[in-house]
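Asker: What follows is a protein structure lacking sequence information:
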């Protein structure tokens, strides 16, 4: 993609709408919708890097209740011809067509490469990448197993969603959430993942979420790692203007 004059690429992640309750997350949802409304004015594309919801599971004919304003705004944006791309996170692994069919938003389950103005990006949520985190990696294999998903689908949505929401908040092994303090470059698994990728292929920008911690780290003279932070505490996002990438904090006007 070559960016038209004055257009930008926007990136955001980790809203966890519905946590700790739908009522308590509602002001955060309103703030995020307002941000979407503002950035659509000069957006060439918007990338959402996962965990938009604290829990999301698509039954054949049912999706979780709520989030109407967010879903409606995303539909408005794609209807206007602005592409939106979604990467599943560890809290919304179970997407299966709803975003594509209802919102015209492609959904990715693994990191993907993109090129904007001859600048290369590797983009993803970030869970389960890099060394370590073996407990979560084993759990993710269970969650993404077709048989396990089939059994869960037989739970009534009122029971299944309630159970999953409880575990999402209470069990950190299941959720995959990590310590949100900076661990140092040698201990940040996503930094190590990016450095290993650079051993075989150059990438200008690695962009991930998951850590809930805004980070901009220079990996070498020509490559950078950006973690988007979250929309719970930091309200941070990244923007690429065709020449450089910046991490910014949303402040309501």
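Answerer: Yep, that arrived. Since the structure is predicted, the reported quantities are computational estimates derived from the model, not experimental observations. Residues are numbered from 1 along each chain as shown.
Asker: Where does the prediction get shaky in this structure?
Answerer: 132-145, 148-152, 160, 163-179, 253 (pLDDT under 70).
Asker: State which helix of it is the longest.
Answerer: Ranked by residue count under DSSP state H, the longest helix found in the chain is helix 22-39.
Asker: Excluding its own residues, what touches that one? List them.
Answerer: Identification of contacts with helix 22-39 by CB atoms under 8 Å, 6 or more residues apart in numbering yields 8, 10, 12, 15-19, 46, 54, 66-67, 69-70, 73-74, 77, 231-232, 235, 237, 250, 252-253. Placement of C-beta: from N, CA and C, glycine included.
Asker: before we move on, what about stretch 55-71?
Answerer: 17-18, 22, 29-30, 32-33, 36, 52-53, 91-92, 94-98, 102-103, 152-153, 157, 160-161, 164-165, 168.
Asker: Out of those, which end up buried?
Answerer: 17-18, 22, 29, 32-33, 36, 52-53, 91-92, 94-96, 98, 103, 153, 160-161, 164-165, 168 (16 or more other CB atoms under 10 Å).
Asker: hang on, the earlier thing: which strands or helices does the first helix or strand past the longest helix of the chain going along the chain pack on?
Answerer: For helix 22-39, the following helix or strand on the C-terminal side (DSSP states H and E) is strand 43-48. If you count contacts as 3 or more CB pairs under 8 Å, 6 or more residues apart in numbering; DSSP states H and E, strand 43-48 packs onto strand 8-12, strand 84-87.
Asker: who does strand 43-48 pair up with?
Answerer: strand 8-12 (parallel), strand 84-87 (parallel) (DSSP bridges).
Asker: Show me the one of the ones you listed that comes nearest residue 121.
Answerer: Of all the strands paired with strand 43-48, strand 8-12 sits nearest to residue 121, with 8.5 Å by CB to CB.
Asker: what angle do the closest one and helix 22-39 make?
Answerer: Here strand 8-12 runs at an angle of 170 degrees relative to helix 22-39 (axes from the mean of the first three to the mean of the last three CA atoms, to 10 degrees).
Asker: starting at the chain centroid, how far to strand 8-12?
Answerer: 12 Å (CA atoms, centre = their mean, to the nearest Å).
Asker: Out of the strands paired with strand 43-48, which is closest to residue 122?
Answerer: Comparing these by CB to CB, strand 84-87 comes nearest, at 11.3 Å.
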